[in-house]
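Asker: fold the following and give me the result.
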Amino acid sequence: MTEVRRAGTGRADAGPASTGRADAGQRGLIDALVRSSFAVMAALSRIGAEHDLSLTQLRMLGILRDRRITMSELGGYLGLDKSTISGLVSRAEKRGLIERAPNGMDGRAVDVFVTAAGAELAERGAAQMARALSPMTGELTPAQGRQLTALLERCLTGSEP
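Answerer: Now for the predicted structure:
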């Protein structure tokens with residue numbers, strides 16, 4: 001890696017040397033991604049608050065809306081440890097949004113899945129997100145939407161640990 005001095009800052013940044021033009025393009029891309037994430041997070045926060053759900057609870061419902069997985073897998077998806085997942089699941093279970101059941105293949109594992117009420121809430125939340133983000137997504141043609149989806153999926157795949 002080479003050290004690159006940012007013009008006018010006097011700071012050195014580790015990273016490959018590149019042209020100012022590429023840096024400007026990269027900064028524009030990063031800025032657009034950050035502004036997009038702010039818009040998405042604002043919508044998620046608002047929708048979660050409307051349903052008395054934290055962002056983590058909202059993510060959990062989104063993960064579980066179309067699958068039954070073990071508590072350990074859920075912890076992996078959310079990046080949470082076993083005790084935190086247990087509390088999260090217990091709170092959602094008390095609200096009637098999810099249930100636990102023994103895993104049929106591993107006697108030590110416990111599966112978690114959404115109830116009918118949880119699935120309905122997850123679908124309602126997904127519809128609210130679609131409406132909240134439609135001012136941005138509605139500006140794209142169907143082909144542009146597919147292209148953006150493919151590019152974002154590619155970026156996200158590259159960022160997975």
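Asker: CA atoms for contacts and neighbours, from now on please.
Answerer: OK.
Asker: name the SS class of Val112, please.
Answerer: The assignment at Val112 comes out as strand when based on DSSP: H, G, I helix; E, B strand; the rest coil.
Asker: what sits against it?
Answerer: 64, 68-71, 98-101 (CA atoms under 8 Å, 6 or more residues apart in numbering).
Asker: can you pick out the ones from those residues that are in strands?
Answerer: 69-70, 98-101 (DSSP state E).
Asker: what subset of these is buried?
Answerer: 69-70, 98-100 (16 or more other CA atoms under 10 Å).
Asker: before we move on, back to that, could the contacts of Val112 go into TSV alongside pLDDT and distance to Ala150?
Answerer: Putting the contacts of Val112 into TSV (pLDDT from 0 to 100; distance: CA to CA, whole Å) gives the following:
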residue	pLDDT	distance to Ala150
Leu64	95	23
Arg68	95	26
Ile69	96	26
Thr70	95	29
Met71	94	30
Ile98	97	31
Glu99	97	34
Arg100	96	34
Ala101	95	36
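Asker: which one of those residues sits closest to Ala132?
Answerer: Nearest to Ala132 among the contacts of Val112: Leu64, at 21.7 Å, using CA to CA.
Asker: what's the burial count for the closest one?
Answerer: Using other CA atoms under 10 Å, Leu64 has 19 neighbouring residues.
Asker: ok, now Arg68?
Answerer: Neighbours around Arg68, by other CA under 10 Å: 18.
Asker: need the contact list for it.
Answerer: 111-114.
Asker: could you pull up phi and psi at it?
Answerer: Phi and psi for Arg68, reported as degrees, to the nearest 10, are phi -110, psi 120.
Asker: middle-most residue in the chain, spatially?
Answerer: Arg59 (6.8 Å; CA atoms, centre = their mean).
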